[in-house]
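> Predicted model follows, preceded by the sequence.
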Amino acid sequence: MFTRRRLASVLALLTLVVVMVSCAKRPATTAASAPAPTGVAGSTGPSAPQSTPSAPAQPNAPAASSPAPAPSAPSTAGGARPVPREFAAIADLRDIFFDFNKYDIRPNEAKTLDANAAWLKSHENMLVLVEGHCDERGTNEYNLALGERRAKATMNYLVAQGVQANRITIISYGEERPVCSEHTEACWAKNRRGHFLVKPR
Amino acid sequence: MKRPLAALIILLLVLAVGAPLTTPPPSRAQGVDVYINITGGGTKKLNIAIPEFTVTTGTDPAATGKLLASVAGADLTFSGLFSVVAATGAIPADNPAALKQSWTDFAAAGAHAGVHGLVALRGARTEAEMRLYDLTSPEFRLIATKKFEMPSDQPRRLAHKIADEIVLQFTGELGIADTKIAYVAGPRGAKEILVADYDGFGVRPVTRNGSINLMPVWGPDARSLAYTSYKNGYPDLFRAFPFERRPEQTLAAFVGINSSPAFSPDGKTLAMTLSKDGNPEIYALTLATGTLRRLTRHAGIDTEPSWSPTGQQIAFISDRAGSPHVFLMDSEGASVRQLTNGGHHTQPRWSPRGDMIIFTTRQGTHDLWAISPDGSNPRRLTAGPGDNQGAAWAPNGRHLVFQSNRLGAFHLYAMLADASSEAMAVTHGSTEATSPSWSPRLP
């Protein structure tokens, strides 16, 4: 009895493998192998059809009892995001720092941000990338969100100071890119930062 | 010896019938007597003997017979249900008198059950047979037999399958030895995703892009992993197929963060965190159609979705009440309620059994806690040393894997979710291991 059931499951598995292999060979039926599409908020959104034509809704659907695969890669379409590694740090733009688990701009950091905003307004040809960072405390997932909020709060401040929003891109690195690696408050304080990089338009 | 065990078995049968929390497939359940109630804590362990496997065909220069017994024995010990009775040497083949003598000796040593393993080494294929005996019965009754076959380069997997079958025979539910753990390895700034067997053996890479790769999460089919990667510059969500020659898929590449993936139990929906609309919010992506639904609407941080096993509720983290806390909502984003109070709580992970939610509490260092979905019975699972966080459930809802820096660098440890067992180190060495995800049982 076990043997027969085992054979059946082997056959089912083989069927599955055949279906999967044939799918994998099919050229670009989905966006899976395409470069990551990029976009900006407010673009056409995830339900926009993929650029590749005739993508089957469920390429693996015939495989019995196979859970639904992710056939298409929903993502934004529209304007491309600038490439982060094309940006470079510059001495004129100084880091700002945050309190633990906070993303509001500290009063004593406002002066730094005012200076950064003034520099950006006098260098209209420069795009700016604002990085949000966290210390190692807290958990990775939460810190990714926290770094995002720090970068966003920083961006909002710059915009309020008159820097055009379309010159600013933000990115959160969570706790993944510390500048200081010791497990001390002095070190953590350096890592809870907003960092600025620029590149010409 | 006999009578107390018989009474225990009857008691456990009654308990199992009274509280049928596990529902094995009917076809598998036939002929399976439930000897051990695995739903309660403080389970009395069953003593089981696993001598080296008897080689029936071929030569065994690699000592496969010995390996099968030791790996399956380690699996049964890890299950928390068995105490493995020490054994050396194999039982001779086709020798009923020798078999009976072996079981007599093991029964005298306190064993309640005995596994006679037979292995046929046929070149590229290895066949094994598991014969399970009740050593508490006068005639050493044969409880069950099952045959397995595996490529000869995967003897550990063969042993895991045998151990899982033994667990099935005694509990009505397959064991979890034939599973994988995906995790993140490497220093900050250069993290790759790896997959290993549940016991840390057989490590193989999933990503090799030299970027930062984070938060792998298994799909319920045990075939794919969703994860966040900076490989295209920004934190985007991808899906990899570690066992197939199949290209990665881009799941979400919106402006902002694309993170914290969580497959619904039926695999049809992926909950995730996106900040494309201004701040981190939780969305549900229907994989077949690409339809995206926003589930949270709040000015604060909402992240880390974790589905209930019914797929009807989602636990998540929000800082809407100040510091981060565990909240619950239904799968449409309604009926939001706060589950934890005070302190700093992240990483909710809903048990596959549905009866509890694990989370991480920060009080100087991090430790694992559990709470019932109705908010009752909050309890601490770890108390140092170091940080203990990032827990993931095994598919049986009895074991957890988590990361701890108790010995310095972060490594993965696995333990029973009621913390009744000492944690087993899953990863070792100088490379840090974090962010584990325990696969479903492999197909």
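Arrived safely.
> Now do the helices in the chain.
With no chain named, the answer covers chain A. A:2-25, A:107-122, A:140-160, A:185-191 (DSSP state H).
> Let me rephrase: I mean chain B.
B:2-18, B:26-29, B:64-79, B:96-108, B:155-171.
> Below-threshold pLDDT in chain A: ranges please.
Applying pLDDT under 70 to chain A flags the ranges A:1-79.
> if we go to 80?
Along chain A, segments meeting pLDDT under 80 span A:1-80.
> Spell out which residues of the stretch 101-250 of chain B are next to chain A.
B:146-147, B:188-189, B:191, B:212, B:214-215, B:219-221, B:224, B:228, B:232-236, B:239, B:244-250 (C-beta under 8 Å from any C-beta of the partner chain). Bear in mind the C-beta positions are built from the backbone N, C-alpha and C, glycine included.
> Any of these buried? List them.
B:146, B:191, B:212, B:214-215, B:219-221, B:224, B:228, B:232-236, B:239, B:246, B:248-250 (16 or more other C-beta atoms under 10 Å in any protein chain shown).
> Filter those down to the ones in strands?
Judged by DSSP state E, these include B:146, B:214, B:215, B:228, B:236, B:239, B:249, B:250 as members of strands.
> Mind picking the two most distant members of the residues you listed?
With distances taken as C-beta to C-beta, the most widely separated pair in these is B:146 and B:236, at 44.4 Å.
> rewinding a little: tabulate the ones in strands among the buried ones among the residues of the stretch 101-250 of chain B next to chain A (CSV), appending pLDDT.
Conversion of these to CSV gives the following (pLDDT from 0 to 100):
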residue, pLDDT
B:146, 97
B:214, 97
B:215, 96
B:228, 98
B:236, 98
B:239, 97
B:249, 95
B:250, 96
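> what residues go with each domain of chain A?
Here the domain assignment for chain A is A:1-80, A:84-200, based on automatic domain parsing.
> can the last one be found next to chain B?
Yes - Domain A:84-200 lies within reach of chain B by C-beta under 8 Å from any C-beta, at A:84-85, A:101, A:137-142, A:144-146, A:148-149, A:152, A:170-178, A:181.
> are any of those buried, and which?
A:84, A:101, A:137-142, A:144-146, A:148-149, A:152, A:170-178.
> So, low pLDDT: which residues of the stretch 151-300 of chain B?
Those would be none, if you go by pLDDT under 80 across the stretch 151-300 of chain B.
> If I follow the layout properly, residue B:203 ends up in contact with residue B:195?
Yes - with contact defined as C-beta atoms under 8 Å, residue B:203 and residue B:195 form a contacting pair (7.4 Å).
> Would you mark the buried spots in stretch B:186-200?
B:186, B:191, B:192, B:193, B:194, B:195, B:196, B:197, B:198, B:199, B:200.
> Show me the two of those residues that sit farthest apart.
Maximum pairwise distance in the buried residues of stretch B:186-200, criterion C-beta to C-beta, is 22.4 Å, between B:191 and B:199.
> Could you check how far the residue nearest to residue B:52 when sequence neighbours are not counted is from residue B:101?
Distances taken as C-beta to C-beta, 6 or more residues apart in numbering or on different chains place residue B:90 nearest to residue B:52, at 4.1 Å, with adjacent residues excluded. To residue B:101, residue B:90 is 13 Å away according to C-beta to C-beta, to the nearest Å.
> Please identify which of those two sits among more neighbours.
More neighbours surround residue B:90 than the other of residue B:90 and residue B:101, with 20 against 13 (other C-beta atoms under 10 Å in any protein chain shown).
> Next one: that one from chain A, what distance?
Look at residue B:90 and chain A: by C-beta to the nearest C-beta, to the nearest Å, they are 24 Å apart.
> For that residue, give me its contacts.
B:51, B:52, B:53, B:54, B:55, B:65 (C-beta atoms under 8 Å, 6 or more residues apart in numbering or on different chains).
> out of those, which are inside strands?
The members of these that map onto strands under DSSP E are B:54, B:55.
> Including pLDDT and neighbour count, could the contacts of residue B:90 go into a markdown table?
Below are these laid out as a markdown table (pLDDT from 0 to 100; neighbours: other C-beta atoms under 10 Å in any protein chain shown):
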| residue | pLDDT | neighbour count |
| --- | --- | --- |
| B:51 | 96 | 23 |
| B:52 | 96 | 21 |
| B:53 | 97 | 28 |
| B:54 | 97 | 22 |
| B:55 | 97 | 19 |
| B:65 | 96 | 23 |
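> Farthest pair within the contacts of residue B:90?
In the contacts of residue B:90, two members sit farther apart than any others by C-beta to C-beta. They are B:51 and B:55, at 12.3 Å.
> For residue B:281, give its distance to residue B:305.
For residue B:281 relative to residue B:305 (C-beta to C-beta), the value is 10 Å.
> Counting neighbours, what do you get for the closest residue to residue A:92 other than its chain neighbours?
Closest residue to residue A:92 apart from its sequence neighbours, by C-beta to C-beta, 6+ apart: residue A:119 at 4.9 Å. Residues near residue A:119, counting by other C-beta under 10 Å, number 18.
> same thing with residue B:312?
12.
> correct me, but it touches residue B:330?
Yes - using C-beta under 8 Å, residue B:312 is in contact with residue B:330, at 6.2 Å.
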